[in-house]
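>>> Turn this into a model:
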Amino acid sequence: MKKLIVLFVMIYAVVPLLWANDECNQQLSPSEFRAKQRTFITEKAGLTKEEAAKFFPLYFELQDRKKQLNDEAWKLLREGKSKTLTEARYEEIMEGVYDARIASDRLDKTYFDKFKKILSCKKIYLVQKAEMRFHRELLKGMHKKGDDSPKKPQGKK
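Modelled structure (predicted):
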């Protein structure tokens, strides 16, 4: 269950503060994060300036709405830490979490229809692929920062 929750957060949440890069120990502000995300996605998906100008306001609107849903789900899950809750309350909590996931998926579908008015389906696909790559690279960077052990040189076998 915990892995499912972590996956939910990684997919649906916009992380407000992440490490800037491997060489830097400062955190990004939400606007800096979005600027880096926009640049990365624009480049990797091959968006024109005109496409990007129309697409990203909607894209970030979607991210904001999904973050609200995720925040609601996390609030419910934190309530579940209480040892005094009844089984009925746990059921309400889990119903709320699943409802938030469903609502997030519905938002994705609604915004997909809006995105199609701006971008081709191929470019929407490339945007999603770039978005996943962006998050993966940020997470890799965060893991590297926590690893102070020297890297072993890779020789030929």
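>>> alpha carbons only for contacts and neighbour counts from here, please
OK.
>>> any idea how far I118 is from Y111?
The gap separating I118 from Y111 is 11 Å, by CA to CA, to the nearest Å.
>>> what's the answer for R78, then?
For R78 relative to Y111 (CA to CA), the value is 29 Å.
>>> Over to Y125?
According to CA to CA, Y125 and Y111 sit 13 Å apart.
>>> between the two, which one's more packed in?
Per other CA atoms under 10 Å, whichever of Y125 and Y111 has more neighbours is Y111, with 16 against 13.
>>> was I right about that one contacting L62?
Yes: contact criterion CA atoms under 8 Å: Y111 and L62 qualify, at 7.0 Å.
>>> Show me where this structure has its helices.
For the chain, helices defined by DSSP state H occupy the ranges 2-12, 30-45, 49-79, 87-115, 121-146.
>>> got the ones you listed as JSON lines, with mean pLDDT columns?
Formatted as JSON lines, the helices of the chain follow (pLDDT from 0 to 100):
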{"stretch": "helix 2-12", "mean pLDDT": "47"}
{"stretch": "helix 30-45", "mean pLDDT": "95"}
{"stretch": "helix 49-79", "mean pLDDT": "96"}
{"stretch": "helix 87-115", "mean pLDDT": "96"}
{"stretch": "helix 121-146", "mean pLDDT": "88"}
